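Enquirer: the following comprises the amino acid sequence and a computationally predicted model.
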Amino acid sequence: MTTTTMTMAKALNEGLRRAMEKDKRVLLMGEDIGKLGGVFRITDGLQKDFGEDRVIDAPLAESAIVGTAVGLAVRGYRTVVEIQFDGFVYPAFDQIVSQVAKLHKRTDGVYTMGLVIRLPFQGGIGAIEHHSESPEAYFVHTAGLRVVACSTPNDAYWMIQQSIEHDDPIIFCEPKSRYWEKGEVDLDNPPRGLFDAQVRRAGSDVTVVAYGAMVKTALRAAEAAADEGVSVEVIDARSLSPLDLGPMITSLEKTGRLVVVQEATRTASVGSEIVAELSERCFYSLRAPGVRVSGYHVPYPPSRIEEEFRPSVDRVLDGIDRVMGFE
């Protein structure tokens, strides 16, 4: 087993490089991803090594970028599209919902849609308006799309490769506030399937489910709760569509208490869906109603107050206290 330590940004870069080396049909397309290497330098050096025909600097036109990628996918290419910031995805929304999500079904399987849309999402970097959002629920709601979110460098390295190899279109959510954090990466063995949830910390009193940047926040809250004698199990959802409910059900049948942590607003959200599904499936195991700890139902705020909007360790601990105190 070969392991190394790298940032999530570097892990994504190495994962893309490995995918391009394995399959000449893999193309990258996006704004400033070639010579610049992307605003977060995720594609740094790839155009130099693979050429301008495979790492394509596109115009500032997200709808055109995704539309071109659809045509390439129909022709058998596997295109990885970078949306520079999550708030820039909306001009491409028509292409994603009307074409990307539907072509495989519409053609009765004649066309696959091997297309990955990389989406730096969530906040925490002090960015200006439209540069910090959490729009994953739009895509989770859209039948025909698969949506995944990495939270560690090891997952980033493997999940981007697994997504590229998949025949369905995938919205690949990358927590931009975690790009520069380091972790150990196993270069030889993928940790699990692309759509599998993972228990990040074992516990017996409360089940906390999170994804993206909020996984680290949940783990920090679990450490603080342990100091107060509360054992918290933290599950990284990893896949948002489809949801891997099995590990969550197993955990909730043990703990009887559920807290879901997300940065997105709570109304009609991924967290709402998790609470609903687990409430239906584990009703007789519940010792308290499921609790959502989320962003508030307002547009994503300016950077100077974004930390008031994003769930904090204290807010997660408050959610844990609520389910522990219900009885």
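Expert: Received the coordinates, thanks. Numbers count the residues shown, from 1 in each chain.
Enquirer: now the helices for the protein?
Expert: Taking DSSP state H, the helices of the chain run over residues 8-22, 46-50, 62-74, 93-95, 103-106, 136-140, 153-165, 214-227, 246-255, 270-281, 306-309, 313-324.
Enquirer: distance to C173, mean neighbour count and mean pLDDT added to those, as TSV?
Expert: Yep, even glycine has a C-beta here, placed from its N, CA and C like the rest. Listed next are these as TSV, based on distance: least, Cβ to Cβ, whole Å; neighbours: other Cβ atoms under 10 Å; pLDDT from 0 to 100:
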stretch	distance to C173	mean neighbour count	mean pLDDT
helix 8-22	12	21	98
helix 46-50	21	17	97
helix 62-74	16	20	95
helix 93-95	15	16	96
helix 103-106	21	16	88
helix 136-140	6	22	96
helix 153-165	10	24	97
helix 214-227	12	21	98
helix 246-255	19	19	98
helix 270-281	10	18	98
helix 306-309	18	15	91
helix 313-324	20	19	97
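Enquirer: what's near enough to touch the closest residue to D94 other than its chain neighbours?
Expert: In space, and not counting its chain neighbours, D94 is closest to S63: 6.7 Å by Cβ to Cβ, 6 or more residues apart in numbering. S63 is in contact with 91-92, 94-95, counting by Cβ atoms under 8 Å, 6 or more residues apart in numbering.
Enquirer: can you put those in a markdown table and add distance to E133?
Expert: Output for the contacts of S63, formatted as a markdown table (distance: Cβ to Cβ, whole Å):
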| residue | distance to E133 |
| --- | --- |
| P91 | 13 |
| A92 | 14 |
| D94 | 18 |
| Q95 | 18 |
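Enquirer: can you count the residues close to I171?
Expert: When neighbours are counted by other Cβ atoms under 10 Å, I171 registers 29.
Enquirer: and it, what does it touch?
Expert: Contact analysis of I171 by Cβ under 8 Å, 6+ apart lists 96, 117, 119, 136, 139, 145-148.
Enquirer: so which of those sit within strands?
Expert: Judged by DSSP state E, the subset of those located in strands is 117, 119, 146-148.
Enquirer: tell me the two of these that are most distant?
Expert: Spatially, the most separated pair among those is L119 and R146, at 12.7 Å (Cβ to Cβ).
Enquirer: and those two? which has more neighbours close in?
Expert: L119 (25 against 21).
Enquirer: that one: what's it in contact with?
Expert: Neighbours of L119 in contact, by Cβ under 8 Å, 6+ apart: 83, 86, 89, 135-136, 171-174.
Enquirer: beta partners for it?
Expert: Beta bridges link L119 to C173, judged by DSSP bridges.
Enquirer: for it, give its distance to I83.
Expert: Per Cβ to Cβ, to the nearest Å, L119 is found 5 Å from I83.
Enquirer: give the residues shared as contacts by those two.
Expert: Residues touching both L119 and I83 (Cβ under 8 Å, 6+ apart) are V89.
Enquirer: stretch 302-311: how far from the chain's middle?
Expert: 20 Å (Cα atoms, centre = their mean, to the nearest Å).
Enquirer: just the C-alphas of that stretch, formatted as CSV.
Expert: In CSV, the C-alpha atoms belonging to stretch 302-311 read as follows (Å, rounded to 0.1, in the frame of the first residue of the first chain):
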residue,chain,number,x,y,z
PRO,A,302,-21.7,38.6,2.8
SER,A,303,-18.3,37.2,3.9
ARG,A,304,-18.2,39.4,7.0
ILE,A,305,-21.1,37.5,8.6
GLU,A,306,-20.9,34.2,6.9
GLU,A,307,-19.7,32.5,10.0
GLU,A,308,-23.0,33.5,11.7
PHE,A,309,-24.8,31.6,8.9
ARG,A,310,-22.7,28.5,8.7
PRO,A,311,-23.3,25.8,11.4
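Enquirer: now T112: how far from K102?
Expert: T112 is 13 Å from K102, by Cβ to Cβ.
Enquirer: same check, this time on R54
Expert: 27 Å.
Enquirer: what about the closest residue to G114 other than its chain neighbours, distance to D168?
Expert: In this structure, G114 finds its nearest non-sequential neighbour in R78, 4.3 Å apart by Cβ to Cβ, 6+ apart. For R78, the distance to D168 (Cβ to Cβ) stands at 12 Å.
Enquirer: what does I305 give?
Expert: Noted for I305: a distance of 38 Å to D168, by Cβ to Cβ.
Enquirer: comparing those two, which residue is more hemmed in?
Expert: Per other Cβ under 10 Å, whichever of I305 and D168 has more neighbours is D168, with 15 against 8.
Enquirer: that one and L103 touch, don't they?
Expert: No: the criterion here is Cβ atoms under 8 Å, and D168 misses it with L103 at 10.7 Å.
Enquirer: shared neighbours, these two?
Expert: Contact criterion Cβ under 8 Å, 6+ apart; residues bridging D168 and L103 by contacting each: M113.
Enquirer: how many residues are close by the nearest residue to E327 once chain neighbours are set aside?
Expert: Excluding the flanking residues, the one nearest E327 by Cβ to Cβ, 6+ apart is R287, at 6.1 Å. The number of residues packed near R287 is 15, by other Cβ under 10 Å.
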